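*Asks:* what follows is a protein structure lacking sequence information:
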């Protein structure tokens, strides 16, 4: 009763604050946490994996520089990309008699780098080398072949030989920690796959056999489908035919129409449904639980607000809160949620001609950090132990040093509805409106001095597109312009307060929020 009375008193107090000068329509929140009340180990599925466009792009110096920084600041563990077996990676050819010849020099250069920065490959097996392909159909500017193999035995041999090469180069204990995913979005025909579902399952079966022949402990899975498709069918096929399946992978995006925009020309509309993204993930988990293999891992190896590489929501400050909201909603349903992608060095639709074009990346081509980047940057500052917290749009955590972190946000879908495309809406100047006051109360803090670092992402705060907009959106950026935008959007605390905690161990603060603000309070013990 005392707790309820206290909450009622705080609610009345906040109501009075609203009446005396704040927006009377504002939504006021109370976030109350206690250092002593743990909720267990923090679930870090959000940084298990990150996407990248295609393998050959990973040989570029700027790509590698950006990934090195992203690893350091966001700490992703795995990276997944298309095109590992495509012709620009020079993996496969046949001699005059039709005998296979293998070459892994480009893959070695890429994977050596990935491992050197303490990341691991989430190995996507695709697309088909043209010398092994049954047809000439391709996808994207870089022409990944999407046809079944002309000879499934040669396909199996390639995968076996590649897996053996990985084992010899990196050791079995390392490769046991990797994931091997067969193909990409085979349910999008004729886009990513010209064959049938049955032919994909055959492709999967031969690839799985090739991997497991080298080492039965290596992890293989799929179907890497668009729109959370084929999950029960894949499990049923593998269970009935005694084919290895160690994990399910699939994809989802937060817009309402389509799942493939090969050349970035589609108009999109952000889904207004609160369960977009999270509903697919939770449904996939339930499909696994109700299957013959209820303990399978679930990896969403692509997800984002939009499926097109020309959607300005990717550049907007709205994306930061969107990402956090969806990850929070997913909870423990997925083992990983791999955001698509980390950089705009991404050429599915061909090289991009402007520095901000709605690309998928957390970073633009010049390495400028978008608001979306800071979602992961701030999540990575959370301590290893989660604290109990009833607020649905925040995480609270602590670390072994006595520091406490509270990451909270407002996600408001301000999109006007189906008649307006993202491509029209999110390119505008979109000032955020007041969203009330968040009452922060942290109890159980250790007595002593703290530096309270307050970080923020929102409209014109770590909002690189706003600076680009203010420059009248030049088609090319000078070095000075790039440096100016980077300096103004560097993720540093907006303020550092000196806080002294007495024997009561309590800190409280009223913090005014706007729509789609993201805020981190980081209490650093001195």
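*Replies:* Structure received. The shown structure was predicted, so the numbers you read here are calculated from the model rather than taken from an experiment.
*Asks:* burial measure for the nearest residue to residue 118 once chain neighbours are set aside, as a count.
*Replies:* Among residues not flanking residue 118 along the chain, residue 71 sits closest, at 6.8 Å (C-beta to C-beta, 6 or more residues apart in numbering). Glycine gets a C-beta too; all of them are placed from N, C-alpha and C. By other C-beta atoms under 10 Å, 19 other residues sit near residue 71.
*Asks:* can you pull out the helices in the stretch 301-450 of the chain?
*Replies:* Assigned by DSSP state H, counting those that start in this stretch, the helices in the stretch 301-450 of the chain fall at 318-330, 371-379, 422-425.
*Asks:* and the second one, how far out from the chain middle?
*Replies:* When distances are taken as C-alpha atoms, centre = their mean, to the nearest Å, helix 371-379 is centred 10 Å away from the chain's centroid.
*Asks:* also the longest one?
*Replies:* Distance of helix 318-330 from its chain centroid, counting by C-alpha atoms, centre = their mean, is 10 Å.
*Asks:* can you check the shortest one too?
*Replies:* Counting by C-alpha atoms, centre = their mean, helix 422-425 is centred 22 Å from the centre of its parent chain.
*Asks:* from the contact counts, what lies against it?
*Replies:* Using 3 or more C-beta pairs under 8 Å, 6 or more residues apart in numbering; DSSP states H and E, no helix or strand is in contact with helix 422-425.
*Asks:* avg pLDDT for it?
*Replies:* The average of the pLDDT scores along helix 422-425 is 96.
*Asks:* contacts only, for the residue nearest the centre of the chain.
*Replies:* With distances taken as C-alpha atoms, centre = their mean, residue 339 lies nearest the centre of the chain, 1.8 Å away. For residue 339, the contact set (C-beta atoms under 8 Å, 6 or more residues apart in numbering) comprises 50, 51, 303, 304, 323, 362, 372, 376.
*Asks:* quick one: which of the residues you listed is nearest residue 210?
*Replies:* Nearest to residue 210 out of the contacts of residue 339 is residue 51 (C-beta to C-beta; 24.4 Å).
*Asks:* moving C-terminal of the helix or strand of the chain at the bottom of the mean pLDDT ranking, what's the next helix or strand?
*Replies:* Using mean pLDDT, DSSP states H and E, the weakest-scoring helix or strand in the chain turns out to be helix 2-19, at a mean of 34. Per DSSP states H and E, helix 2-19 leads on to strand 29-34 as the next helix or strand towards the C-terminus.
*Asks:* give the buried residues for the helix or strand that that next one is followed by.
*Replies:* Per DSSP H and E, the first helix or strand lying C-terminal to strand 29-34 is strand 38-41. Within strand 38-41, no residue counts as buried by 16 or more other C-beta atoms under 10 Å.
*Asks:* walk me through which strands strand 38-41 pairs with, and which way each runs.
*Replies:* strand 385-387 (antiparallel) (DSSP bridges).
*Asks:* neighbouring contacts of the partner strand?
*Replies:* 33-35, 37-43, 395-399, 404.
*Asks:* among these, name the buried ones.
*Replies:* Buried residues within those, counting neighbours by 16+ other C-beta under 10 Å: 33, 34, 35, 42, 43, 395, 396, 397, 398, 399, 404.
*Asks:* the residue nearest to the fourth one when sequence neighbours are not counted and residue 443: what is the separation?
*Replies:* Meaning residue 42. In this structure, residue 42 finds its nearest non-sequential neighbour in residue 386, 4.3 Å apart by C-beta to C-beta, 6+ apart. Counting by C-beta to C-beta, to the nearest Å, the gap from residue 386 to residue 443 is 16 Å.
*Asks:* what about those two, which has more around it?
*Replies:* residue 386 (18 against 15).
*Asks:* so residue 206 touches residue 152, yeah?
*Replies:* Yes - with contact defined as C-beta atoms under 8 Å, residue 206 reaches residue 152; the gap is 4.8 Å.
*Asks:* same drill for the two, tell me which one is more crowded.
*Replies:* residue 206 (22 against 17).
*Asks:* which helix or strand contains the more buried one?
*Replies:* If you go by DSSP H and E, residue 206 is part of helix 197-214.
*Asks:* quick one: mean pLDDT over that helix.
*Replies:* Helix 197-214 comes out at a mean pLDDT of 98.
*Asks:* same question, stretch 291-299
*Replies:* On average, stretch 291-299 scores 98.
*Asks:* how far does it stretch from one end to the other?
*Replies:* 16 Å (C-alpha to C-alpha, to the nearest Å).
*Asks:* likewise stretch 493-507?
*Replies:* In terms of C-alpha to C-alpha, the two terminal residues of stretch 493-507 are separated by 19 Å.
*Asks:* phi first, then psi, for the nearest residue to residue 82 once chain neighbours are set aside.
*Replies:* Leaving out its chain neighbours, the residue that sits closest to residue 82 by C-beta to C-beta, 6+ apart is residue 54, at 4.7 Å. Dihedral pair for residue 54: phi -140, psi 160, per degrees, to the nearest 10.
*Asks:* coming back round to it: quick one: the helices of the stretch 301-450 of the chain as TSV, columns for distance to residue 352 and mean neighbour count too.
*Replies:* Shown next, in TSV, are the helices of the stretch 301-450 of the chain (distance: least, C-beta to C-beta, whole Å; neighbours: other C-beta atoms under 10 Å):
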stretch	distance to residue 352	mean neighbour count
helix 318-330	18	25
helix 371-379	17	26
helix 422-425	15	19
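*Asks:* can you redo those helices as TSV with distance to residue 179?
*Replies:* Formatted as TSV, the helices of the stretch 301-450 of the chain follow (distance: least, C-beta to C-beta, whole Å):
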stretch	distance to residue 179
helix 318-330	19
helix 371-379	20
helix 422-425	32
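*Asks:* which one of the ones you listed lies closest to residue 198?
*Replies:* Closest among the helices of the stretch 301-450 of the chain, using C-beta to C-beta: helix 318-330, at 31.5 Å.
*Asks:* and residue 286, how many residues sit next to it?
*Replies:* 12.
*Asks:* just the element for it, please.
*Replies:* Per DSSP H and E, residue 286 falls inside helix 278-289.
*Asks:* for that helix, buried residues please.
*Replies:* 278, 279, 280, 281, 282, 284, 285, 287, 288.
*Asks:* what distance do you get for the third one to residue 232?
*Replies:* In this view, residue 280 and residue 232 are 14 Å apart by C-beta to C-beta.
*Asks:* same question for the last one.
*Replies:* Relative to residue 232, residue 288 is positioned 9 Å away (criterion: C-beta to C-beta).
*Asks:* so residue 108 belongs to a strand, correct?
*Replies:* No - with DSSP: H, G, I helix; E, B strand; the rest coil as the criterion, residue 108 is located in helix rather than a strand.
*Asks:* wait, isn't it in contact with residue 168?
*Replies:* No - with contacts defined as C-beta under 8 Å, residue 108 does not count as touching residue 168, sitting 11.0 Å away.
*Asks:* ok, the two, which is more surrounded?
*Replies:* Shown here are residue 108 and residue 168; by other C-beta under 10 Å, residue 108 has more neighbours (14 against 11).
*Asks:* which pLDDT does the model give the residue lying closest to that one once chain neighbours are set aside?
*Replies:* Take residue 108 and drop its neighbours on the chain: the residue closest to it by C-beta to C-beta, 6+ apart is residue 169, 6.7 Å away. Note for residue 169: predicted pLDDT of 98.
*Asks:* isn't residue 169 right up against residue 109?
*Replies:* No - Residue 169 lies out of contact with residue 109 (C-beta under 8 Å); the separation is 11.7 Å.
*Asks:* more neighbours: which of the two?
*Replies:* Set residue 169 next to residue 109 and count neighbours by other C-beta under 10 Å: residue 169 wins out with 15 against 12.
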